[in-house]
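Undergrad: Need a 3D model of the sequence below.
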Amino acid sequence: MTGQRIGYIRVSSLEQNCARQLEGIELDRIYEDKVSAKDLNRPNLQAMIAYVREGDIVVVHSMDRLARNLDDLRQLVKTLTQKGVAVQFSKENLTFSGDDTPMANLMLSVMGAFAEFERSLIKERQREGVALAKERGAYKGRKKALSLDKVGVLKQRVVEAKDTKAQIARDFGISRETLYQYLRN
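TA: Presented below is the predicted three-dimensional model:
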């Protein structure tokens, strides 16, 4: 019996469209995450890992869609192939099955390292661009989540301590970390 073809799709934010990633590829099931790949704590990635069985093939558009850094990429491929699951990267035209040759393992490491390097270059260019925009006065930073009036109400609610800080943050539609930043200022 042959296994299923399982697709994994990831984009970094809710606004991004993931339709193109595995377009035209026949799949039995698709798992999709709309979160950063900064770590492996992605709900549908973990659900996919729990679901796949020996003989299945996990199909991913490209290595950078599965993991952001080489260590995570190698760990994920190893986790899947130890279960008897093959991992296929469409863009790179590479498949890993666990009984890979030393050359295949080298290709995984090299291609993963290039993906990690490319990501670091993008972040570096972004930092440089923001710094230059700040010098010109064109970059004002992110818009504040709360107006000064709302910050006053928030601080008053914290002082009164009728609700937890987590509940107050939810009521204002902000994270707890943002709440603590407002309290520090």
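Undergrad: Show me what the worst-scoring helix or strand of the chain on mean pLDDT is packed against.
TA: The least trusted helix or strand in the chain, going by mean pLDDT, DSSP states H and E, turns out to be helix 102-136, with a mean of 87. Secondary-structure packing of helix 102-136 (3 or more C-beta pairs under 8 Å, 6 or more residues apart in numbering; DSSP states H and E): helix 63-66, helix 70-82, strand 94-96. Quick note: C-beta positions are derived from backbone N, CA and C, even for glycine.
Undergrad: buried stuff in the longest one?
TA: Yep, that's helix 70-82 we're talking about. Going by neighbour count (16 or more other C-beta atoms under 10 Å), the buried part of helix 70-82 is 70, 72-74, 76-77, 80-81.
Undergrad: same check, this time on the shortest one
TA: Buried residues in strand 94-96, counted by 16+ other C-beta under 10 Å: 94, 96.
Undergrad: Figure out how far that strand is from the centre of its chain.
TA: Here strand 94-96 is found 21 Å from its chain centre; the criterion is C-alpha atoms, centre = their mean, to the nearest Å.
Undergrad: Need the contact partners of it.
TA: 57, 77, 81, 86-89, 104, 107-108, 111 (C-beta atoms under 8 Å, 6 or more residues apart in numbering).
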